[in-house]
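*Asks:* sequence first, predicted model second:
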Amino acid sequence: MTDNWPPDDDRLDRPREACGVFGIYAPGSDVARLTFFALYALQHRGQESAGIASSDGRMAYLHKGMGLVAQVFNEENLAPLKGHLAIGQNRYSTTGSSHIRNAQPYLIETIYGPLGVGHNGNLTNALTLRRRLLERGVGLTSSSDSEVITQMLAAPPPTPGYYKPDWEERIMAFMAQAEGAYSLVILTRDAVFAVRDPLGLRPLCLGQLSGHRGYVVASESCALGTIGAEYVREVRPGEIVRLDREGLRSRQGRQAGTPGALCVFEYVYFARPDSMLEEQIVHRVRQRLGAELAREAPVQADVVVGVPDSATPAAIGYAQASGIPYSEGLTKNRYIGRTFIQPDDQLRKSGIHLKYNPLTANLAGKRVVLIDDSIVRGNTAGPLVRLLREGGATEVHLRVSSPPVRHPCFMGVDMATHEELIAHRKSVESIQAHIGADSLAFLSHEGMMRAVRQAQAEASSVETDQTCGHCSACFTGQYPVHLDEWWLHKEHEKLIFEDMWG
């Protein structure tokens, strides 16, 4: 497992996704190995734990651990993961602490065979669902809402018709009670299921292996090309997809009351730039975000620099729209987070230098436009501005390709609390003074949505059946789900599970 480096102030100034999930049905293929490489492609979505569960039609097998995919798996522990179907997950902790007991997938034995579950998202009514399970005598071993989902599928309420080996009916029973965000991969003895919440808050897509060898499902399409699969389509909001020997089958599990609410931060930061969301390449959308930012917040400058790597597409878009040349101004040490060695006090004080170095040849004597994709806690923007000045920049104008993040997320993203969000506590002018930039501007909410929907409109020249809607609650405070219970849930978790496990 990696330690707490890069420095906490750098790690914490980025929102963290809950996880990436993957599922595969492919007779004759080494599904555990394919799942490993798919999770490797989804590593950016979760870096605390990783796990794979497989089935050969009789028994299920599991290996999971704390750390990156390449740290958790090797040839020795992949070999026992036999079978022709598998699911996998990378995890960040949002509901449930960072501990092996919360690592996924969960795998349990039921009266109808093995059941494995991998989950991306957060259930906003998890406390109510947990209480119902406990009242029925179902024991729980973790603080994760994903275990609640697993037990709800394994032990549905004693309603006539649900105690039978019909997993689709059990999934529908779960969907009728669950609120919040969930993209699920579910493993049974002979099938893999993919399930997406009715609002489509978290992404999920389908692919087919070359040679018609089987089907896969993944949080992002970037995982498909890695294993030689072709993109088919997204899993629709509220849809249940079954992958088994009969191929791919689908049914609508629960209809949404709104036109969908995919997290817009997938476009801003979370998704890998080569992934496809809503039939459009993420890199292109980020370029449009930068172009909108250039139109809204122009400035006289000599060079445009992006914070690597996530802000690079927006910086390119800003440069193209403004006519100011784009150049690399910061080089990133991509391996600093892989070390177990703690830096000494002097290195701690240097902070941001452990992760970035300025390219002085591109900065000296230049007025710089620094593009970042977001400011969350405001801990790294100031050090980055100072780093550019150390590299010779005469002026540093910070431009952010998303609106100010003023509200936390409760749908599967670790977005900090109101008190921790700098834009909730300070005005734009105060933030500018805090970070020491010559000027500061954020993209407007209207500009962000215009960039997302304009690219979506261009991508939809071919008729599709995808719903068009986005959640931007971290910017607006307008949440697409009820949150009355959430604060009770967090307090419950703090008082009960931290005391229980230490």
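*Replies:* All right, it came through fine.
*Asks:* pull the number of nearby residues for Gly67.
*Replies:* As a burial measure, Gly67 scores 16 neighbours (other CB atoms under 10 Å). C-betas here are computed from N, CA, C, even on glycine.
*Asks:* next: Val452.
*Replies:* Neighbour count of Val452, defined by other CB under 10 Å: 25.
*Asks:* leaving out chain neighbours, which residue sits closest to it?
*Replies:* Nearest residue to Val452, sequence neighbours excluded (CB to CB, 6 or more residues apart in numbering): Tyr267, at 5.5 Å.
*Asks:* tally of neighbours for that neighbour?
*Replies:* Neighbours of Tyr267 (other CB under 10 Å): 26.
*Asks:* ok, now Phe36?
*Replies:* Residues near Phe36, counting by other CB under 10 Å, number 23.
*Asks:* can you report how many residues neighbour the residue lying closest to Ser55 once chain neighbours are set aside?
*Replies:* Closest residue to Ser55 apart from its sequence neighbours, by CB to CB, 6+ apart: Gly83 at 4.7 Å. For Gly83, the number of neighbouring residues by other CB under 10 Å comes to 22.
*Asks:* ditto for His445
*Replies:* Based on other CB under 10 Å, the number of other residues close to His445 is 15.
*Asks:* how about Gly392?
*Replies:* 17.
*Asks:* please report how far the closest residue to Tyr40 other than its chain neighbours lies from Ser144.
*Replies:* Nearest residue to Tyr40, sequence neighbours excluded (CB to CB, 6+ apart): Val69, at 5.0 Å. Going from Val69 to Ser144 by CB to CB, to the nearest Å gives 19 Å.
*Asks:* identify the residues contacting the residue nearest to Tyr40.
*Replies:* 36, 39-40, 43, 50, 90 (CB atoms under 8 Å, 6 or more residues apart in numbering).
*Asks:* dump the residues you listed to CSV, plus distance to Ala433, pLDDT and secondary structure.
*Replies:* Listed next are the contacts of Val69 as CSV, based on distance: CB to CB, whole Å; pLDDT from 0 to 100; DSSP: H, G, I helix; E, B strand; the rest coil:
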residue, distance to Ala433, pLDDT, secondary structure
Phe36, 48, 98, helix
Leu39, 43, 98, helix
Tyr40, 42, 97, helix
Gln43, 37, 94, helix
Ala50, 42, 96, strand
Asn90, 38, 95, strand
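*Asks:* list the residues that contact the closest residue to Gly28 other than its chain neighbours.
*Replies:* Spatial nearest neighbour of Gly28, chain neighbours left out: Arg213 (6.6 Å); criterion: CB to CB, 6+ apart. Counting by CB under 8 Å, 6+ apart, Arg213 touches 26-29.
*Asks:* what's the answer for Leu199, then?
*Replies:* 181, 237, 256, 258, 260-261, 469, 471, 480-481.
*Asks:* just the buried ones from the residues you listed, in ChimeraX syntax?
*Replies:* In ChimeraX syntax, the buried subset of the contacts of Leu199 is picked out as below (16 or more other CB atoms under 10 Å):
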select :181,237,256,260,261,469,471,480,481
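*Asks:* nearest to Gly116, of the contacts of Leu199?
*Replies:* Minimum distance to Gly116 across those is 19.9 Å, recorded for Ala181 (CB to CB).
*Asks:* quick check: the gap between that closest one and Thr124.
*Replies:* Distance of Ala181 to Thr124, computed by CB to CB: 8 Å.
*Asks:* identify the contacts common to those two.
*Replies:* Counting by CB under 8 Å, 6+ apart, the residues touching both Ala181 and Thr124 are 411, 481.
*Asks:* name the nearest of the contacts of Arg213 relative to Ile171.
*Replies:* Distances from Ile171 to those, taken as CB to CB, are shortest for Ala26 (21.8 Å).
*Asks:* tell me if I'm right that the closest one and Gly214 touch.
*Replies:* Yes. Judged on CB atoms under 8 Å, Ala26 makes contact with Gly214 at a distance of 3.0 Å.
*Asks:* overlap in contacts of the two?
*Replies:* Common neighbours of Ala26 and Gly214, using CB under 8 Å, 6+ apart, are His84.
*Asks:* residues contacting Arg196?
*Replies:* When contacts are counted by CB under 8 Å, 6+ apart, Arg196 touches 182-184, 202, 204, 235-239.
*Asks:* out of those residues, list just those in strands.
*Replies:* Those of those mapping onto strands are 183-184, 239, per DSSP state E.
*Asks:* most neighbours out of those, which is it?
*Replies:* Leu184 (30 neighbours).
*Asks:* roughly how far apart are that one and Gly214?
*Replies:* For Leu184, the distance to Gly214 equals 19 Å [CB to CB].
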